[in-house]
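K.L.:
Mind looking at a prediction? Sequence and model below.
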Amino acid sequence: DTAVSQTPKYLVTQMGNDKSIKCEQNLGHDTMYWYKQDSKKFLKIMFSYNNKELIINETVPNRFSPKSPDKAHLNLHINSLELGDSAVYFCASSKDGGGIQETQYFGPGTRLLVL
Amino acid sequence: RKEVEQDPGPFNVPEGATVAFNCTYSNSASQSFFWYRQDCRKEPKLLMSVYSSGNEDGRFTAQLNRASQYISLLIRDSKLSDSATYLCVVNSANTGFQKLVFGTGTRLLVSP
């Protein structure tokens, strides 16, 4: 059984389009995250939610809007896609987000290519 | 200066070799430390947490030096399956929630 799943796995789209990436975890965790891994393989936190509430919001353009309909889901909507948005987007979850030694479990990633 | 710095490698070693990776971090208030492993085109996975006293898990030993803000990972008796990118990770949150900051990773290639 997949613990953290993301759809779609691959996403190829044109500049200016709006797209969404979905994430679901079946681990019963309270905290979920979105990360971006760029072409240089640098992995950076974008957002985190705890029990559907926004906890971390890094300096991400407001074209990126996360939505957490329930604590098992954290979706990422991106408006007006730009070339620089091309990257791998990873969703992750952790048990309650408050343990400093907690493990984060990552989804398989969504490879976004903006043409 | 990046918050977490690692030598990108690649480190090319033969099977059976011992290899060590180093990492430095800039935020002295960081509370917890980890090594994650990322295989090519896969997601990162926790390899081990790093404790001040040092800790060992089989062939892997992690050390933390808070005074020097330095973290290390030692892999003994390297296997072909150890080939991957090793990510040094620091929890830099000053709240009750984790905010993980990743290094750019050190690539390891183990050859027969």
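P.N.:
Right, received. Where do you want to start?
K.L.:
Chain B contacts on chain A?
P.N.:
Residues of chain A found near chain B (C-beta under 8 Å from any C-beta of the partner chain) are A:31, A:40-45, A:48, A:50, A:55-56, A:90, A:94, A:97-104, A:106-109. All C-beta atoms are positioned from the backbone trio N, CA, C, and that covers glycine.
K.L.:
Which PyMOL command selects the buried ones in the residues you listed?
P.N.:
To isolate the buried ones among those in PyMOL, judged by 16 or more other C-beta atoms under 10 Å in any protein chain shown, type:
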select buried, chain A and resi 31+43+45+48+50+55+56+90+94+97+98+102+104+106+107+108+109
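K.L.:
element containing the residue nearest in space to the middle of chain A?
P.N.:
Centroid check for chain A by C-alpha atoms, centre = their mean gives residue A:34 as the closest residue, at 2.9 Å. Secondary structure from DSSP states H and E places residue A:34 in strand A:31-37.
K.L.:
Just checking: what are the partner strands of the helix or strand hosting residue A:75?
P.N.:
Using DSSP H and E, residue A:75 maps to strand A:73-78. Sheet pairing of strand A:73-78 (DSSP bridges) gives strand A:19-25 (antiparallel), strand A:64-70 (antiparallel).
K.L.:
buried sites along that strand?
P.N.:
A:73-76, A:78.
K.L.:
For chain B, state which of these is nearest.
P.N.:
residue A:74 (14.4 Å; C-beta to the nearest C-beta).
K.L.:
And the helices in chain B?
P.N.:
Taking DSSP state H, chain B contains no helices at all.
K.L.:
where does it dip in pLDDT?
P.N.:
Within chain B, the segments meeting pLDDT under 70 span B:94.
K.L.:
now the strands for it?
P.N.:
Ranges of strands in chain B, per DSSP state E, are B:4-6, B:11-14, B:19-25, B:32-38, B:44-50, B:55-57, B:60-65, B:70-75, B:84-91, B:100-102, B:106-111.
K.L.:
I'd say residue B:8 and residue B:108 touch.
P.N.:
No. With contact defined as C-beta atoms under 8 Å, residue B:8 does not count as touching residue B:108 (11.1 Å).
K.L.:
contact partners of stretch A:68-80?
P.N.:
Identification of contacts with stretch A:68-80 by C-beta atoms under 8 Å, 6 or more residues apart in numbering or on different chains yields A:16-26, A:28-30, A:32-34, A:46-47, A:49, A:51-53, A:63-67, A:85, A:89, A:91, A:112.
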